[in-house]
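Trainee: pasting the structure only:
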């Protein structure tokens, strides 16, 4: 009962204040606007592309690619290999005379319909330095990634190292964590350090409510509210992603199925209460919102730096699963690049919840400490 | 719990036994106090008892240890040594039971301005585990008695100081505690609000509550208190009923005579 009353109070405090609701939803809207402008600047005005793509052999896969391209208002002209060698076709892609090259495993359609095994991967050769080439790659990769395919899919970028698709896969988890952190920060700092500063927390401490109830009564509603803020930011990213990647929404998320979205959702849900609990711990230890804000900014920078490391440093070990928050970044990156490791996702979720429980216990102890609460 | 010595006074409801509390001094505090000592003893072996239905006053100058004593009794802080019992429960070992038995009022405890008196009354009722039906009846009675029903749905931040003080008082006793602890009840209040508070305390006494208050205002003690303890430098310098303690002189004269005796200095 006491826990419910405490939670209800936090929800009322939040949903009764229109300013707080706007603060929560504004980042999502801003992200959408900024990213859309960024995407438009990168890819320029929308063009009616007519892609020229070399193929090592003709395949029914072309139909699916053409359909998706046409859905975006583009067309594809598949050119046969003829007398050219694979190297020569690559050179044409490099030179901008063609937009891409698809090298199928031998007898691709026959092996696929017979259910046989493939000797090598299906490779898409493209040039990320060319917008047209990159756009075709994004479409083809999305279409083929969505297949329940018995063959491996490979990409060969002739442009600068690291195509924008890989950069996006690396950036998204990092961005999600940053947005989640900012969202948690905006509600938690005021709610915990603010109450302490105003003396309203001490009024609750002289009631017979247990310290664990008081801690949970803060963390759970704040986590729910932060989740709304994080969802707003996430939707802002999701809707601006197509413009940022230069493709339609369907194509941008084509490689992700329900299972992948569910894993990402689980990871976010496990990270939000953990970050809220961490900020609440810092807020409880601080004497004012200003002080708490300073300490939390340091934590945010630390999380951002480590998230970048987890996102972009290749070959990071499995040990990262034990590191709070970073485990979610690494696991999300795995999901987005199609290399999802379910054990890693579930372990990260479980460990984050354990860390949250430990922090709730710590906060309940801090609430009992007169040195922390009253500075004696 | 009946203490034989004070049996004629009724049931002992609060007992402080050799309470001690020391605080570490920050560099800034040391400079302000002009001392090199790293610690300050705020309460130094304080013992006293308060009985059911009486108003007991802790009288002393600023920094004497009155507020620290009341904060220990209300379990906000813990004694370094000694113990105190409220309705038989130890503040050290059973703080939650003590919190159930007391209503604590001090200027450092604030109400959130965003909510209304009506909501906060229900919220703090729930915090003390008061049953819904009882809570509704109690709200109706207390709000009517103190005139809060006129502004029950106005946000606390929009209330006047007097209104806010009434709301704070009513919320402190939402769970019908046996003991009401009040730190400097009229400090910083205008005359009208101060009267609201003193009338409220007398009303509580009529309702059979035991009240423990701290103050440095002689007139307040003379108006309200049945018994008084004079606290100087964290120690109980003198204690008794007003009549017995003063012995025919005014409380002010008695206080300064006790002060001179304790400090060995002219005032």
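Mentor: Great, that's in hand. Worth saying up front: this structure is predicted, and the values here are computed from it rather than measured. Numbers count the residues shown, from 1 in each chain, chains lettered A, B, ... in the order given.
Trainee: Beta-bridge partners for the residue nearest the centre of chain B, please?
Mentor: Geometric centre of chain B, nearest residue: residue B:182, 2.5 Å, by Cα atoms, centre = their mean. Residue B:182 forms beta bridges with residue B:105, residue B:213, as assigned by DSSP bridges.
Trainee: Does it touch residue B:105 like I think?
Mentor: Yes. Assessed by Cβ atoms under 8 Å, residue B:182 is found in contact with residue B:105 at 4.7 Å. C-beta here means a position set from N, CA and C on the backbone, and glycine is covered the same way.
Trainee: who touches the residue nearest to the centre of chain B in this structure?
Mentor: Going by Cβ atoms under 8 Å, 6 or more residues apart in numbering or on different chains, residue B:182 touches B:70, B:104-106, B:201, B:211-214.
Trainee: Am I right that residue A:13 is in contact with residue B:120?
Mentor: No. At 11.9 Å, residue A:13 and residue B:120 do not qualify as touching, with contact defined as Cβ under 8 Å.
Trainee: These two - which one has more neighbours?
Mentor: residue B:120 (22 against 19; other Cβ atoms under 10 Å in any protein chain shown).
Trainee: Could you point out the helix or strand that follows the helix or strand that one falls within?
Mentor: According to DSSP states H and E, residue B:120 maps onto helix B:117-127. Going down the chain from helix B:117-127, the next helix or strand is helix B:132-145, by DSSP H and E.
Trainee: which one is residue 16 nearest to, not counting chain neighbours?
Mentor: I'll assume chain A. Nearest non-adjacent residue to residue A:16, counting by Cβ to Cβ, 6 or more residues apart in numbering or on different chains: residue B:114, 6.8 Å away.
Trainee: should've been chain B
Mentor: That would be residue B:84: by Cβ to Cβ, 6+ apart, it lies 4.4 Å from residue B:16.
Trainee: So the one you found, which state does it fall into?
Mentor: On the three-state scheme (DSSP: H, G, I helix; E, B strand; the rest coil), residue B:84 is labelled strand.
Trainee: Starting from residue B:107, give me the distance back to the residue nearest to the centre of chain B.
Mentor: 11 Å (Cβ to Cβ, to the nearest Å).
Trainee: related to what we said a few turns ago, by neighbours, which of the contacts of residue B:182 wins?
Mentor: residue B:212 (28 neighbours).
Trainee: I'd like to know how many residues surround residue 218.
Mentor: Picking chain A for this. 28.
Trainee: The intended chain is chain B.
Mentor: Neighbours around residue B:218, by other Cβ under 10 Å: 16.
Trainee: which ones are touching it?
Mentor: Applying Cβ under 8 Å, 6+ apart, the residues contacting residue B:218 are B:59, B:250-252, B:255.
Trainee: switch the cut-off to 10 Å
Mentor: B:59, B:228, B:250-255 (Cβ atoms under 10 Å, 6 or more residues apart in numbering or on different chains).
Trainee: Turn those residues into a markdown table, including neighbour count.
Mentor: Shown next, in a markdown table, are the contacts of residue B:218 (neighbours: other Cβ atoms under 10 Å in any protein chain shown):
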| residue | neighbour count |
| --- | --- |
| B:59 | 28 |
| B:228 | 28 |
| B:250 | 11 |
| B:251 | 19 |
| B:252 | 13 |
| B:253 | 12 |
| B:254 | 20 |
| B:255 | 25 |
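Trainee: tell me which of these is nearest to residue B:48?
Mentor: Nearest to residue B:48 among those is residue B:228, at 10.0 Å by Cβ to Cβ.
Trainee: For the stretch 1-150 of chain A, which residue gets nearest to chain B?
Mentor: residue A:5 (3.7 Å; Cβ to the nearest Cβ).
Trainee: In which helix or strand does that residue reside?
Mentor: Here residue A:5, judged by DSSP H and E, is contained in helix A:2-15.
Trainee: so that helix versus helix B:117-127, what angle?
Mentor: 150 degrees (axes from the mean of the first three to the mean of the last three Cα atoms, to 10 degrees).
Trainee: what about the residue nearest to residue B:16, neighbour count?
Mentor: 24.
Trainee: Could you pull up the contacting residues of it?
Mentor: Counting by Cβ under 10 Å, 6+ apart, residue B:84 has contacts B:14-19, B:46-48, B:69, B:72-75, B:90-92, B:98.
Trainee: switch to 6 Å and redo it
Mentor: Counting by Cβ atoms under 6 Å, 6 or more residues apart in numbering or on different chains, residue B:84 touches B:16, B:19, B:73, B:91.
Trainee: Adding pLDDT and neighbour count, write these out as a markdown table.
Mentor: Formatted as a markdown table, the contacts of residue B:84 follow (pLDDT from 0 to 100; neighbours: other Cβ atoms under 10 Å in any protein chain shown):
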| residue | pLDDT | neighbour count |
| --- | --- | --- |
| B:16 | 94 | 26 |
| B:19 | 94 | 26 |
| B:73 | 95 | 24 |
| B:91 | 94 | 26 |
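Trainee: Now flag whichever of the residues you listed is closest to chain A.
Mentor: The closest of the contacts of residue B:84, once distances to chain A are taken by Cβ to the nearest Cβ, is residue B:73, at 10.9 Å.
Trainee: For the closest one, which non-adjacent residue is spatially closest?
Mentor: residue B:84 (5.4 Å).
Trainee: now the one you found: how far from chain A?
Mentor: Going from residue B:84 to chain A by Cβ to the nearest Cβ, to the nearest Å gives 15 Å.
Trainee: before we move on, what about residue B:220?
Mentor: Taken as Cβ to the nearest Cβ, the span from residue B:220 to chain A is 23 Å.
Trainee: from the contacts of residue B:84, which ones fall inside strands?
Mentor: Judged by DSSP state E, the contacts of residue B:84 include B:16, B:19 as members of strands.
Trainee: Quick check: of the contacts of residue B:84, which lies closest to residue A:94?
Mentor: residue B:91 (80.8 Å).
Trainee: To what extent is residue 136 buried, counted in neighbours?
Mentor: Going with chain A. 27.
Trainee: other chain: chain B
Mentor: For residue B:136, using other Cβ under 10 Å, the count is 14.
Trainee: which residue packs closest to residue A:288, ignoring adjacent ones?
Mentor: That would be residue A:197: by Cβ to Cβ, 6+ apart, it lies 4.9 Å from residue A:288.
Trainee: what's the offset of the helix or strand hosting that neighbour from the middle of its chain?
Mentor: Using DSSP H and E, residue A:197 falls within helix A:195-198. Computed by Cα atoms, centre = their mean, to the nearest Å, the chain-centroid distance of helix A:195-198 equals 34 Å.
Trainee: same question for it, mean pLDDT?
Mentor: On average, the pLDDT along helix A:195-198 is 88.
Trainee: Need the pLDDT of the closest residue to residue B:91 other than its chain neighbours.
Mentor: Distances taken as Cβ to Cβ, 6+ apart place residue B:84 nearest to residue B:91, at 4.7 Å, with adjacent residues excluded. What the model reports for residue B:84 is a pLDDT of 95.
Trainee: Show me which residues of chain A sit near chain B.
Mentor: Residues of chain A lying close to chain B by Cβ under 6 Å from any Cβ of the partner chain are A:2, A:5, A:9, A:13, A:198-200, A:202-203, A:206-209, A:370, A:376.
Trainee: Just among these, which is most surrounded?
Mentor: residue A:206 (25 neighbours).
Trainee: mind listing what that one touches?
Mentor: B:74, B:99, B:104.
Trainee: contacts with chain A among the residues you listed, please.
Mentor: When contact is defined as Cβ under 6 Å from any Cβ, the contacts of residue A:206 meet chain A at B:74, B:99, B:104.
Trainee: List just the nearest of these to residue A:243.
Mentor: For the ones next to chain A among the contacts of residue A:206, the nearest to residue A:243 is residue B:99 (57.0 Å; Cβ to Cβ).
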